[in-house]
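Asker: below is the structure, and that's it, no one-letter string:
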C-alpha cells in the first residue's frame, strides 16, 4: 500500500496536503482499511475553528466509531459535502475524493511537526 | 478473571490467517471479525452464500432416559415436546427470571439432545446444566472443545451443500437436524442459522473442520460463496431482528422484556428454574420492551446511547449499525412499554445530539420468499 510522498501525516493516521496557506485533511488508506467500510462521516461546518490535536469530526464504519483529530489548527474553509451521501469514498479514494476538510492554516509552522511519508510508512509497517 | 486471558483457537484459525482475516478476541476465542470487508461479506450472504466458522459455540450433549425431562427442568422451553430431528430456540433462566443464555436445543434421538450455547456463556451453561441435571437420569457431555461448527448461509447454501452430504436437504425443514455424512465425515446437519437467510449448520469433529471448510470453499466458489466474519454475522442478525446475548439479553433481562415471552412454556408440566419469577412477569407485564428503531436523522445509534421520548429518557440502545441491505441506520433499544408502538417518533442521543428515530416493527429485513 503506497503512501503518497507529497503529504504530511500524523500518528493518528490523518494526512495533510499543504498548498499555500491552506491544508486539505483526510485519513490514510491504512486508517480506512483498519476501520472497514465507512458508512458515516461527521464534519465541522465552514467557518468553524479547529485546534491542533483536538477532535474535529467523527468517522464511523459498520463496526466502529473513530474520532478525527486535527493535524493542524485553522479555520474550516470547506467540508467535503460529498461524503454525506457517499461515505464509501473514504475507503475508495482516501487521498483523493475521500478528503474531509480544507483549512486556512493559522500556524503554518505546525506542519513541520508532522511526519513525512517515510516516517509514516515506518509507523504503519510496525517497526 | 484478571490479567492476560489466553484465547481459545478454533481448528480453523490458521485457515483464517491464510485468508487474511482480521482476528479479534470474542467470548474468550480468537475469531475472524472480517476477511474482505463487512459490507461485502454481508451482501454475499444476502445474495449468494457465506461460510462461517462458529466453532467457538458451546456444544453440550445431554443423554439418558430422563434427558428430556431434565432439560425441561433446566430450560424455559419444553424439549420433550420436540420430535426427534427437530430443534427449537430456548433459554436458560436464573431463579429471578434473568436470562443466563439463549440456546438452540436439537433432539437427536429419543433420549439424546444437543444444546448449543453462546461462546461467552458456554462454561456457565455447562456448569448450570450439570447442576440442574444432577437429580435426573441424564448425562451431560460437554463437547465444546471437540466439536467444530461450520455454517453455510444464504440463498445458494442448499445448492452448494446438497451434493456434498448424504442427507436429502429438500426434506430437511427449517429448525430440523439430521445425522449424516459430509463426504465420509460424520456430521450433524441442521437447517438453522443466525442471518435471516436459508442456511445450514454442520457439527463435525474438531479435527475434521479443515477438510469440511476446504470442500465447501471449493464447491461454493462458482456460486460466489465467501468466508464471513463476526462483523457481518452481527449486521446480518441485527437486520433479521435477532437478539444477541450481551446486547439485548443478559442476566438483568427476562425473555418477556425482549419480546420473547412466547419462548417460555409456562404451560409445561415440569417445574423449571425461574418459573415463579417468569410467571410474575407474564402476569404483570415487563417493565420495558425491546423495539426496532429506524434512525431518521444523521448518525448511527450504538450500544448504550440514551433514547428519549420528549424530554424524558425512556431507555437505551442495545445494538445499532448501518444496515448494509437497507442503506440506512437501524437499531434495537429497550424503551418504556408505553413508548414502543410502531410509528412512534423517539430521539436517540448520538454524541450530544438528539437524532429522530421511528419505532418500526422487526425484523428490519425479511428474505424474499
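Answerer: Good, I have the coordinates. Remember, predicted model here, so these are calculated numbers, not experimental data. Numbers count the residues shown, from 1 in each chain, chains lettered A, B, ... in the order given.

Asker: tally of neighbours for whatever residue of the stretch 51-200 of chain B ends up closest to chain A?
Answerer: Chain A sits closest to residue B:195 of the stretch 51-200 of chain B, with a gap of 15.2 Å, by CB to the nearest CB. Quick note: C-beta positions are derived from backbone N, CA and C, even for glycine. Look at residue B:195: counted by other CB atoms under 10 Å in any protein chain shown, it has 26 neighbours.

Asker: same check on residue B:39?
Answerer: 23.

Asker: ok, back up a step: for the residue of the stretch 51-200 of chain B closest to chain A, which three-state class applies?
Answerer: Judged by DSSP: H, G, I helix; E, B strand; the rest coil, the three-state class of residue B:195 is coil.

Asker: nearest residue to residue B:366 in space, please, no chain neighbours.
Answerer: Using CB to CB, 6 or more residues apart in numbering or on different chains and skipping residues adjacent in sequence, the residue nearest residue B:366 is residue B:196, 7.3 Å away.

Asker: quick check on that neighbour: phi, psi?
Answerer: With angles defined as degrees, to the nearest 10, residue B:196 sits at phi 90, psi 0.

Asker: for residue B:9, same thing?
Answerer: Here residue B:9 shows phi and psi, under degrees, to the nearest 10, equal to phi -120, psi 140.

Asker: that one: neighbour count?
Answerer: So residue B:9, with other CB under 10 Å, has 15 neighbours.

Asker: also residue B:302?
Answerer: By the criterion of other CB under 10 Å, residue B:302 has 19 neighbours.

Asker: next up, the contacts around it.
Answerer: Neighbour list for residue B:302: A:65, B:317, B:320, B:331, B:350 [criterion: CB atoms under 8 Å, 6 or more residues apart in numbering or on different chains].

Asker: what do you get for residue B:120?
Answerer: Contacts of residue B:120 (CB under 8 Å, 6+ apart): B:26-28, B:245-246.

Asker: which one of the contacts of residue B:302 is nearest to residue B:187?
Answerer: Nearest to residue B:187 among those is residue B:320, at 36.2 Å by CB to CB.

Asker: neighbours around the residue nearest to residue B:366, how many?
Answerer: For residue B:196, using other CB under 10 Å, the count is 22.

Asker: check the one 4 residues further on too.
Answerer: Residues near residue B:200, counting by other CB under 10 Å, number 25.

Asker: and what of residue B:257?
Answerer: Around residue B:257 there are 23 residues (other CB under 10 Å).

Asker: which ones are touching the residue nearest to it when sequence neighbours are not counted?
Answerer: Nearest non-adjacent residue to residue B:257, counting by CB to CB, 6+ apart: residue B:286, 4.4 Å away. Neighbouring residues of residue B:286 by CB under 8 Å, 6+ apart: B:254, B:256-257, B:261, B:337.

Asker: most neighbours, which of these?
Answerer: Result: residue B:254 is most packed of these (other CB under 10 Å), 28 neighbours.

Asker: doesn't that one fall inside a helix?
Answerer: No - according to three-state DSSP, residue B:254 belongs to no helix; its state is coil.

Asker: from residue B:267, how far out is it?
Answerer: In this structure, residue B:254 and residue B:267 are 17 Å apart, going by CB to CB, to the nearest Å.

Asker: likewise for residue B:335?
Answerer: 29 Å.

Asker: any weak-confidence spans in chain A?
Answerer: Residues of chain A that meet the criterion pLDDT under 70 lie in A:1, A:126-127.

Asker: now with 90?
Answerer: Scanning chain A for pLDDT under 90 picks out the ranges A:1-2, A:34, A:62-65, A:85, A:124-127.

Asker: next: the stretch 201-350 of chain B.
Answerer: Scanning the stretch 201-350 of chain B for pLDDT under 90 picks out the ranges B:297-299.

Asker: let's see the pLDDT reported for the residue of the stretch 51-200 of chain B closest to chain A.
Answerer: Residue B:195 carries a pLDDT score of 98 in this model.

Asker: what does chain A put close to chain B?
Answerer: Listed as neighbours of chain B in chain A under the rule CB under 8 Å from any CB of the partner chain: A:36-37, A:39-40, A:42, A:58, A:60-63, A:65, A:84.

Asker: name the residues of the helix or strand hosting residue A:15 that are buried.
Answerer: In this structure, residue A:15 sits in strand A:14-19 according to DSSP states H and E. Residues A:14-18 are the ones in strand A:14-19 that count as buried (16 or more other CB atoms under 10 Å in any protein chain shown).

Asker: give me the sheet partners of it and which way each runs.
Answerer: Strand pairing for strand A:14-19, determined by DSSP bridges: strand A:8-9 (antiparallel), strand A:22-27 (antiparallel).

Asker: show me the contacts for residue A:117.
Answerer: Residue A:117 neighbours (CB under 8 Å, 6+ apart): A:3-7, A:9.

Asker: hang on, the earlier thing: including secondary structure, neighbour count and distance to residue A:98, could the contacts of residue B:302 go into TSV?
Answerer: Formatted as TSV, the contacts of residue B:302 follow (DSSP: H, G, I helix; E, B strand; the rest coil; neighbours: other CB atoms under 10 Å in any protein chain shown; distance: CB to CB, whole Å):
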residue	secondary structure	neighbour count	distance to residue A:98
A:65	strand	16	18
B:317	strand	25	28
B:320	strand	25	24
B:331	strand	25	26
B:350	strand	26	22
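
Asker: out of those, flag the one nearest to residue B:96.
Answerer: residue B:317 (24.6 Å).

Asker: what about the strands in chain A?
Answerer: Here chain A has its strands, by DSSP state E, at A:8-9, A:14-19, A:22-27, A:38-42, A:49-50, A:55-61, A:65-69, A:74-79, A:101-105.

Asker: adding distance to residue B:47, write those out as JSON lines.
Answerer: Listed next are the strands of chain A as JSON lines, based on distance: least, CB to CB, whole Å:
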{"stretch": "strand A:8-9", "distance to residue B:47": "38"}
{"stretch": "strand A:14-19", "distance to residue B:47": "35"}
{"stretch": "strand A:22-27", "distance to residue B:47": "29"}
{"stretch": "strand A:38-42", "distance to residue B:47": "19"}
{"stretch": "strand A:49-50", "distance to residue B:47": "41"}
{"stretch": "strand A:55-61", "distance to residue B:47": "21"}
{"stretch": "strand A:65-69", "distance to residue B:47": "28"}
{"stretch": "strand A:74-79", "distance to residue B:47": "34"}
{"stretch": "strand A:101-105", "distance to residue B:47": "36"}
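
Asker: dump the strands paired with strand A:14-19 to JSON lines, plus mean neighbour count and distance to residue B:307.
Answerer: Formatted as JSON lines, those follow (neighbours: other CB atoms under 10 Å in any protein chain shown; distance: least, CB to CB, whole Å):
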{"stretch": "strand A:8-9", "mean neighbour count": "24", "distance to residue B:307": "39"}
{"stretch": "strand A:22-27", "mean neighbour count": "24", "distance to residue B:307": "30"}
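
Asker: how far does the helix or strand hosting residue B:127 sit from its chain's centre?
Answerer: Per DSSP H and E, residue B:127 falls inside helix B:122-133. Offset of helix B:122-133 from its chain centre (CA atoms, centre = their mean, to the nearest Å): 19 Å.
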